[in-house]
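1. sequence unknown, structure follows:
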């Protein structure tokens with residue numbers, strides 16, 4: 001559907017701005033009026049990572065007048081494969097500061113506002129209230145539902161994107177004109193069911209594909225051109241090089257934008273998404289050891305079986321000496337249980353401790369009462385025991 005422009009045009013463009021945006025100005029659907037609207041627009045990018053990198057760079061190049069950046073993390077070497085707004089010299093720096101430098105290097109006429117804090121229920125309404133449109137580049141479900149609910153309550157449109165391995169999705173959610181994220185995904189997936197990019201990986205260039213779609217949609221909404229992805233979900237398969245669309249209808253029973261909403265204020269999103277299930281939390285209570293404890297058990301020759309529940313590709317990057325690889329899904333399917341030794345103490349680990357806690361719950365229910373898992377996982381092991389090994 002066609003929608004009216006989201007923002008009013010600025011009073012004028014300077015001579016330098018006319019020169020810079022000339023290729024936009026000669027497009028009839030954008031022209032002087034559309035470019036003035038972009039100049040007057042205030043857009044917030046949630047995250048300066050995989051999706052935030054191309055989004056910020058192209059929003060800046062397009063001439064969006066004010067760009068806000070919500071980001072609390074620091075640049076890590078593993079980011080550089082896809083987060084192109086940062087460079088080798090930025091490792092260890094604030095991502096927000098690094099992104100700001102890159103944005104101003106692209107377009108010095110942009111006003112960059114930094115929010116170097118974690119986006120939470122306590123600050124999201126104040127931050128979002130300063131902007132016309134939100135671009136969501138987050139990679140976890142708790143923040144996605146937080147962004148959605150805040151935008152619905154503030155009646156603001158936002159452009160959503162998601163990436164995983166070779167697949168990407170994008171849409172525009174605006175409850176005034178169509179569905180919201182909860183209409184598409186009423187409930188988050190069970191904890192551990194959908195791996196994050198840190199666990200499953202992502203093709204670096206996929207970020208550019210989905211990030212550029214997000215910016216295209218943002219420009220269309222701001223300037224009032226074309227038909228934004230309101231009520232449509234764009235799905236991209238990089239391996240097959242296929243784009244397809246799925247219609248998304250507004251759910252009259254939606255918890256927040258439906259006819260009788262029961263979510264009328266922000267909630268505890270970590271609890272709602274259950275970052276770790278109750279079963280996993282109960283299993284891990286009293287059955288969690290540190291990497292140093294595991295090292296002592298190994299050195300003392302304890303009768304243990306160390307099991308790595310990550311995926312093959314992760315195991316090939318770095319592993320704990322003596323660990324046997326059995327991916328988590330084999331435990332969830334039940335096929336791994338019969339191969340476990342009955343005369344040894346089972347010690348589980350994953351990357352950080354989330355997946356191993358979920359598997360621990362499975363083992364406890366199957367009768368392995370003395371099984372434990374390693375808090376902090378292989379990342380904790382590398383930091384505390386073998387700092388020369390790579391991390392990912």
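-> Great, that's in hand. Note that the coordinates shown come from a computational prediction; the quantities given were computed from them, not determined experimentally. Numbering: from 1, shown residues only.

2. C-alpha from now on. contacts and neighbour counts both.
-> Will do.

3. would you say residue 361 is within a helix?
-> Yes - if the criterion is DSSP: H, G, I helix; E, B strand; the rest coil, then residue 361 is within a helix.

4. how many residues are close by it?
-> 22 (other CA atoms under 10 Å).

5. tell me the mean pLDDT for the strand or helix carrying residue 298?
-> Secondary structure from DSSP states H and E places residue 298 in helix 291-299. Model confidence over helix 291-299, given as mean pLDDT, is 95.

6. repeat for stretch 338-358
-> On average, stretch 338-358 scores 93.

7. can you check stretch 220-236 too?
-> Computed over stretch 220-236, the average pLDDT equals 98.

8. how far off centre is it?
-> 21 Å (CA atoms, centre = their mean, to the nearest Å).

9. buried stuff in it?
-> 220-225, 228-236 (16 or more other CA atoms under 10 Å).

10. how far does it stretch from one end to the other?
-> 20 Å (CA to CA, to the nearest Å).

11. SS state for residue 39?
-> helix.

12. and the residue nearest to it when sequence neighbours are not counted, how many neighbours?
-> Once flanking residues are discounted, residue 39 sits nearest to residue 65: 4.2 Å by CA to CA, 6 or more residues apart in numbering. Per other CA under 10 Å, the neighbour tally for residue 65 reads 22.

13. surely residue 65 touches residue 42?
-> Yes - between residue 65 and residue 42 a contact is recorded at 6.4 Å, counting by CA atoms under 8 Å.

14. how near is residue 215 to residue 312?
-> Applying CA to CA to residue 215 and residue 312 gives a distance of 35 Å.

15. where are the low-confidence patches of the stretch 51-200 of the chain?
-> Residue ranges of the stretch 51-200 of the chain with pLDDT under 70: 190-199.

16. tell me where it has helices.
-> Per DSSP state H, counting those that start in this stretch, the stretch 51-200 of the chain carries helices over the ranges 52-62, 95-106, 124-128, 141-154, 181-184, 197-200.

17. so residue 69 touches residue 48, yeah?
-> Yes - counting by CA under 8 Å, residue 48 is a contact partner of residue 69 at 7.0 Å.

18. which one of those two has more residues nearby?
-> A count of neighbours by other CA under 10 Å puts residue 48 above the other of residue 69 and residue 48, at 29 against 25.

19. what residues are up against the more buried one?
-> Residue 48 sits next to 56, 69, 70, 71, 83, 85, 95, 96, 99, 137 when contact means CA atoms under 8 Å, 6 or more residues apart in numbering.
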